[in-house]
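Participant: here's my sequence, what's the structure:
(chains A and B)
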Amino acid sequence: MPTTTATTPIIALRNVSKRFPGNDALTDISLEVNVGEVLCLLGDNGAGKSTLIKIVSGVHEPTSGTIEIDGEQVKFSDPREARQRGIATVHQEVGAIPLMSVARNFFLGAEPVKKIGPFKFFDNKTASRVALDEVRALGIRRIKDARQLAGTLSGGERQALMIARAMYFGARVLILDEPTSALGVKEARTLLRFIKNATARGVAVVFITHNAHHAMAVGDRFAVLIQGRVVADFRRGERTRIELLTLMAGGEELGTLEDQPDDFEDDE
Amino acid sequence: MATDTTTAAAGPQTSTEPPQPAALTQAAKRFTRRPEFAALIGLLVSFCFFAYTTRGSDFVSLDGSAAWLNVAAELGIAAACVSLLLIAGEFDLSIGSMVGTASMVVAIGSGYYTWPLWASIVAALLVAAVIGFINGYVVVRTGLPSFIVTLAMQFVLAGASLGLARLISNTTSISVPVSGSAKTVFAAKWGQYSVTIVWWIGLTIIAEVVLITTRFGNWVYATGGNPNSARAEGVPVKKVKIILFMTTSIGAALVGILQTLQFNSGDVIRGRGIIFTSIIAVVIGGALLSGGYGSAVGAMIGAMTYGIVSVGIFFTGWNSDWVSLFLGVLLFLAVLANNYFRKLALARR
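Facilitator: Numbering: from 1, shown residues only, chains lettered A, B, ... in the order given. Model (predicted):
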């Protein structure tokens, strides 16, 4: 695997467009991400970021253009198919359940069981051990016992828990939808470190944000979306922070004139 | 008794702790963070209060204990089922009518039509399963609050069972001859101790085991904790809810069957109070009304507390009018205490 992924991007979008009635949400998007890389998707609200995520995670099908995984053209008819191909989305609102333990959250929907006679029981021991190993491997050191409630974790750690979980269940591309937007400065920094650790363990990350500082901190590639088009696509070091900020600021100005597309998008 | 059952149920949880120097304090710390911790304190305080105020009476005797345990058991059966449903984030206000309906099915079956007792018992449980399914199906299908759906069902059932009973037998209270194996299973008595207590303890253990040690239990917590997350991770949220509505109805029917066989008569108006007392028991037991948190053992403790208060007042010789006041205050304190301990459990470490 490492030999092929060095040349073939793990996921690539080729000339993807998405049209909703009366609204060109995305136009001619071409992007690619390699294993171990973080692609930062920047842009203001309504720039098409969420539509793009929905296409990659199998919620929408593109109107034209193709998606490739490991160089192979794929078509997702629903999110489950995308997940089976190793694409996992970590949303903020659909996260860890605070009143359940770390272990129970980690294995929710895929609980390990052990059989005693005709009955199958939740294997709490295995669940706790694996969950603890996995979250600590990602760098969440504050979890000492997987039986503690997820609600005892900070917002960033809770998202990291979901990232660890997705990786354990075979995710190769992690889509993080505005993971830092509701976090404090310190927490955001911690989460960014977790993201970096995740890529070191062999996944690709698509990091959606409108915070240029957070993007610069972890990004290997950057794509700036304005009105459904990629206006800039560059690698780390090719642009300065100031240039990125200027690009984004330009986007913001245009974005305020174009509130309409946002409404259509929400209706979908 | 009270402390025995709780520590026994908490045992498997705490014993998984690998032997560490601080294992004992760790275990103790974790125990204080369990949902039923505050309830246990409430139970002990209530018991001590009534043991003291009724000193000289039979409250603490074998017979006195039987009196409140019998009351607790009947409520506890319903509460065990309600606790799971509440943890999954749903209410069932139709259980009151379900008790009376099940009672009437048994009475009409075996009292009026002379079916074998077991046949009418099975019929009552089947009716309950169907009613529970309808409750669950309507709730998950329409997305309406279960509070309203089951409130409607409460009235539908009450009206239907009254009407049908009158239509078929021309009365709403029918005596039932009880004998044979059904009598042993549902109406046995050892001294003052009713077989209901065995059913109660058995069902509570099953409910707690399901909740803590099975995949389904995990799904119940997730369904109440955050249905969107649960659904996203592939938990069959709708199925979980429908199953729990069915078990709750069946639990209520069991209460009706037990009452009918123990009193040798079926009555439509049985079980009216259980709608509120079961929720009181579950909430005193540490469950969160909005779902996602609670335990069956907690519901058991809540039912015991109810039993102690309602029977304890009788032993003090005070007017039983005061029972509701006590329960109200207790519920209020329980909610405050549980809220506090839940915050403690969620505190960052």
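Participant: please make it C-alpha for all contacts and neighbour counts, starting now.
Facilitator: Fine.
Participant: interface residues of the stretch 151-268 of chain A facing chain B?
Facilitator: Within reach of chain B by CA under 8 Å from any CA of the partner chain, the stretch 151-268 of chain A has these residues: A:Gly151, A:Thr152, A:Leu153, A:Ser154.
Participant: again, 7 Å this time
Facilitator: Contact residues (CA under 7 Å from any CA of the partner chain) of the stretch 151-268 of chain A with chain B: A:Gly151, A:Thr152, A:Leu153.
Participant: got a quick PyMOL command for the buried subset of those?
Facilitator: Selecting only the buried entries of these in PyMOL, with 16 or more other CA atoms under 10 Å in any protein chain shown as the criterion:
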select buried, chain A and resi 151+152+153
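Participant: closest to the centroid, which residue in chain B?
Facilitator: Closest to where the C-alpha atoms of chain B average out (CA atoms, centre = their mean) is B:Ala79, at 1.2 Å.
Participant: quick check: that residue touching B:Ser278?
Facilitator: Yes: B:Ala79 is within contact range of B:Ser278, at 4.8 Å (criterion: CA atoms under 7 Å).
Participant: tell me, how many residues neighbour B:Gly251?
Facilitator: Using other CA atoms under 10 Å in any protein chain shown, B:Gly251 has 26 neighbouring residues.
Participant: check B:Ser94 too.
Facilitator: By other CA under 10 Å, 28 other residues sit near B:Ser94.
Participant: give me every residue that touches the closest residue to it other than its chain neighbours.
Facilitator: Spatial nearest neighbour of B:Ser94, chain neighbours left out: B:Gln154 (3.9 Å); criterion: CA to CA, 6 or more residues apart in numbering or on different chains. Contacts for B:Gln154 were tallied using CA atoms under 7 Å, 6 or more residues apart in numbering or on different chains; they are B:Leu93, B:Ser94, B:Gly96, B:Ser97.
Participant: sec struct for the first one, please.
Facilitator: If I follow you right, that is B:Leu93. Secondary structure, DSSP: H, G, I helix; E, B strand; the rest coil: B:Leu93 is coil.
Participant: got the phi/psi numbers for it?
Facilitator: For B:Leu93, the backbone dihedrals (degrees, to the nearest 10) come out as phi -90, psi 0.
Participant: okay, A:Thr27 and A:Arg229: tell me how far apart.
Facilitator: 5 Å (CA to CA, to the nearest Å).
Participant: show me whatever sits in contact with both of the two.
Facilitator: In contact with both A:Thr27 and A:Arg229: no residue, using CA under 7 Å, 6+ apart.
Participant: where does pLDDT dip in the stretch 1-150 of chain A?
Facilitator: A:1-7, A:92-94 (pLDDT under 70).
Participant: report back the residue of chain A that's furthest from centre.
Facilitator: Distance to centre of chain A, CA atoms, centre = their mean, peaks at A:Gly117 (41.4 Å).
Participant: count the residues that sit near A:Lys186.
Facilitator: A count of neighbours around A:Lys186, defined by other CA under 10 Å, yields 10.
Participant: with the one 10 residues further on instead?
Facilitator: Residue neighbour count, defined by other CA under 10 Å, stands at 20 for A:Lys196.
Participant: same question for the one 5 residues further on.
Facilitator: Neighbourhood size, A:Arg201 [other CA under 10 Å]: 15.
Participant: before we move on, what about A:Ala160?
Facilitator: 28.
Participant: where does pLDDT dip in chain B?
Facilitator: Within chain B, the segments meeting pLDDT under 70 span B:1-22, B:348-349.
Participant: run through the residues of it sitting next to chain A.
Facilitator: Selection of chain B residues close to chain A by CA under 7 Å from any CA yields B:213-215, B:218, B:225-226, B:228-229, B:233-235, B:292-293, B:346-349.
Participant: the strand or helix carrying A:Leu174: what's the following helix or strand?
Facilitator: Following DSSP states H and E, one finds A:Leu174 within strand A:173-177. Using DSSP H and E, the next helix or strand after strand A:173-177 towards the C-terminus is helix A:185-200.
Participant: CA atoms of the helix or strand following that next one as CSV?
Facilitator: With elements assigned by DSSP H and E, the helix or strand that comes after helix A:185-200 is strand A:204-209. What follows is strand A:204-209, C-alpha atoms only, in CSV (Å, rounded to 0.1, in the frame of the first residue of the first chain):
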residue,chain,number,x,y,z
ALA,A,204,-5.7,11.5,4.8
VAL,A,205,-7.6,14.4,6.3
VAL,A,206,-9.9,16.8,4.7
PHE,A,207,-10.1,19.7,7.1
ILE,A,208,-12.9,22.1,6.5
THR,A,209,-12.5,25.5,8.2
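Participant: related to what we said a few turns ago, between the contacts of B:Gln154, which has the most around it?
Facilitator: The contacts of B:Gln154, ranked by neighbours (other CA under 10 Å): first place B:Ser97, 32 neighbours.
Participant: sorry, back to before: which among the residues of chain B next to chain A end up buried?
Facilitator: Listed as buried from those are B:213-215, B:218, B:225-226, B:228-229, B:233, B:235, B:292-293, B:346; burial here means 16+ other CA under 10 Å.
Participant: what are the ranges of the strands in chain A?
Facilitator: In chain A, strands defined by DSSP state E lie at A:11-20, A:23-33, A:38-42, A:64-69, A:72-74, A:87-90, A:113-116, A:119-122, A:173-177, A:204-209, A:221-226, A:229-235, listed in chain order.
Participant: pick the most deeply packed of these.
Facilitator: Scoring the strands of chain A by mean neighbour count under mean count of other CA atoms under 10 Å in any protein chain shown gives strand A:38-42 as the most buried, with a mean of 27.
Participant: between that one and helix A:185-200, how many degrees?
Facilitator: 130 degrees (axes from the mean of the first three to the mean of the last three CA atoms, to 10 degrees).
Participant: ok, and the closest non-adjacent residue to B:Gly111?
Facilitator: Nearest residue to B:Gly111, sequence neighbours excluded (CA to CA, 6+ apart): B:Val176, at 4.3 Å.
Participant: then B:Leu211?
Facilitator: Spatial nearest neighbour of B:Leu211, excluding adjacent residues (CA to CA, 6+ apart): B:Gly217 at 3.7 Å.
Participant: can you check A:Glu81 too?
Facilitator: Here the residue nearest A:Glu81, using CA to CA, 6+ apart, is A:Gly58, at 7.1 Å.
Participant: counting neighbours, what do you get for that neighbour?
Facilitator: So A:Gly58, with other CA under 10 Å, has 19 neighbours.
Participant: these two touch, right, it and A:Arg83?
Facilitator: No: in this structure, A:Gly58 is not within contact of A:Arg83 by CA under 7 Å, at 8.4 Å.
Participant: still on that earlier bit, show me the residues of chain B next to chain A that map onto helices.
Facilitator: Among the residues of chain B next to chain A, DSSP state H puts B:Thr213, B:Arg215, B:Asn218, B:Gly225, B:Asn228, B:Ser229 in helices.
Participant: and the furthest pair within these?
Facilitator: Within those, two members stand farthest from each other by CA to CA: B:Thr213 and B:Asn228, at 22.8 Å.
Participant: quick check: which element contains B:Val71?
Facilitator: helix B:62-87.
Participant: tell me the helices and strands packed up against that helix.
Facilitator: Under the contact definition 3 or more CA pairs under 7 Å, 6 or more residues apart in numbering or on different chains; DSSP states H and E, helix B:62-87 sits against strand B:193-194, helix B:196-213, helix B:215-225, helix B:237-263, helix B:274-284, helix B:296-316.
Participant: got the angle between it and helix B:196-213?
Facilitator: Here the directions of helix B:62-87 and helix B:196-213 differ by 30 degrees (the same axes, to 10 degrees).
Participant: list the buried residues of helix B:62-87.
Facilitator: Across helix B:62-87, burial judged by 16+ other CA under 10 Å covers B:64-87.
Participant: which elements pack onto the next helix-or-strand element following it?
Facilitator: Past helix B:62-87, further along toward the C-terminus, the next helix or strand under DSSP H and E is helix B:95-106. Taking 3+ CA pairs under 7 Å, 6+ apart as contact, the helices and strands that helix B:95-106 lies on are helix B:117-142, helix B:146-169, helix B:237-263, strand B:265-267, helix B:274-284.
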